[in-house]
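> any chance you could fold what I've pasted below:
(chains A and B)
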Amino acid sequence: SQQGEEDPQALSIQEGENATMNCSYKTSINNLQWYRQNSGRGLVHLILIRSNEREKHSGRLRVTLDTSKKSSSLLITASRAADTASYFCATTSGTYKYIFGTGTRLKVLA
Amino acid sequence: KAGVTQTPRYLIKTRGQQVTLSCSPISGHRSVSWYQQTPGQGLQFLFEYFSETQRNKGNFPGRFSGRQFSNSRSEMNVSTLELGDSALYLCASSLTGSNQGTDTQYFGPGTRLTVL
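Okay, the predicted model is just below:
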């Protein structure tokens, strides 16, 4: 399967703590995106990092990309109950096709 | 601007039947992609359309087909339904569906298909 792997599969933290999730992929990529999905609904785009970038920030989100290891991480700082969701990385390698990771289910406890 | 809409939201069918799902992209978006999401297989790419042309297709049997109309609306069809086709079917639209992956995909709420 071309699908990426995400780690951990599930994560439970207290409100205010930081959450880190990792994504590994299998082929060389053009770009990597992170998406959030609330409870079996549509996905929402969070952030895009290009293959020539190593780190990117957006609000409470910090994404890193290591193309030599074919991996990316998403850090959510000062988490809130509203951050409870599943998080997916998605990669594309020039074929109009996005490959999604298996997802990390994050639960933030109030 | 209205978001991506999918109809119907829920559908129950029996094995052997066929089903057609519809997706209306955000106005001005010309690329539409379809995904199947199941607990066991996660999000799997089905196909992508741009200007009525299929540019890529995932590893699904020929029972899964799609099309795009001149107004960018898209439909997907599944014939001879099997129990394993039960899933959330998601459609996503983007401006051009750049093959560099720089386009943001905007997802619809999905159609939940149950096959009995």
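
> how many neighbouring residues does residue 99 have?
All of this is about chain A. Using other CB atoms under 10 Å in any protein chain shown, A:Ile99 has 22 neighbouring residues. For glycine as for every other residue, the C-beta is placed from the backbone atoms N, C-alpha and C.

> switch to chain B, please.
Neighbour number of B:Asn99 under other CB under 10 Å is 18.

> helix/strand/coil for the spatially most central residue of chain B?
When CA atoms, centre = their mean is applied to chain B, the residue found nearest the centroid is B:Trp34 (2.9 Å). What DSSP: H, G, I helix; E, B strand; the rest coil gives for B:Trp34 is strand.

> do the same with B:Gly84
Quick answer, by three-state DSSP: B:Gly84 is helix.

> ok so, going back, what's the neighbour count on the nearest residue in space to the residue nearest to the centre of chain B that is not next to it in sequence?
What sits nearest to B:Trp34 in space, not counting adjacent residues and going by CB to CB, 6 or more residues apart in numbering or on different chains, is B:Leu46, at 4.0 Å. When neighbours are counted by other CB under 10 Å, B:Leu46 registers 22.

> relative to chain B, how far out is A:Ala82?
18 Å (CB to the nearest CB, to the nearest Å).

> low-scoring pLDDT stretches of chain B, where are they?
B:1 (pLDDT under 70).

> oh, that last question was meant for chain A, not what I typed.
A:1-3, A:94.

> please list the residues of it that sit near chain B.
A:3, A:29-33, A:35, A:40-45, A:48, A:50, A:88, A:90-103 (CB under 8 Å from any CB of the partner chain).

> same thing but at 7 Å, please
A:3, A:30-31, A:33, A:40-43, A:45, A:48, A:88, A:92, A:94-100, A:102-103 (CB under 7 Å from any CB of the partner chain).

> show the buried residues in those.
Buried members of these, counted by 16 or more other CB atoms under 10 Å in any protein chain shown: A:3, A:30-31, A:33, A:42-43, A:45, A:48, A:88, A:92, A:96-100, A:102-103.

> tell me the contacts of B:Gln17?
B:Leu81 (CB atoms under 7 Å, 6 or more residues apart in numbering or on different chains).

> how close does it sit to B:Leu43?
Distance of B:Gln17 to B:Leu43, given as CB to CB, to the nearest Å: 24 Å.

> within range of chain A, give me the residues from chain B.
Applying CB under 7 Å from any CB, we find that chain B lies next to chain A at B:33, B:42-43, B:45, B:48, B:55-56, B:88, B:90, B:97, B:99-102, B:104-105, B:107-110.

> hmm, which of those residues are the buried ones?
Buried subset of these (neighbour count, 16+ other CB under 10 Å): B:33, B:42-43, B:45, B:48, B:55-56, B:88, B:90, B:97, B:99, B:101, B:104-105, B:107-110.

> so who does A:Leu109 touch?
With CB under 7 Å, 6+ apart, A:Leu109 has these contacts: A:Ser12, A:Gln14, A:Glu15.

> change it to 10 Å
Listed by CB atoms under 10 Å, 6 or more residues apart in numbering or on different chains, the contact set of A:Leu109 reads A:Ser12, A:Ile13, A:Gln14, A:Glu15, A:Glu17, A:Ser79, A:Ala81, A:Thr84.

> end-to-end on stretch A:13-26?
29 Å (CA to CA, to the nearest Å).
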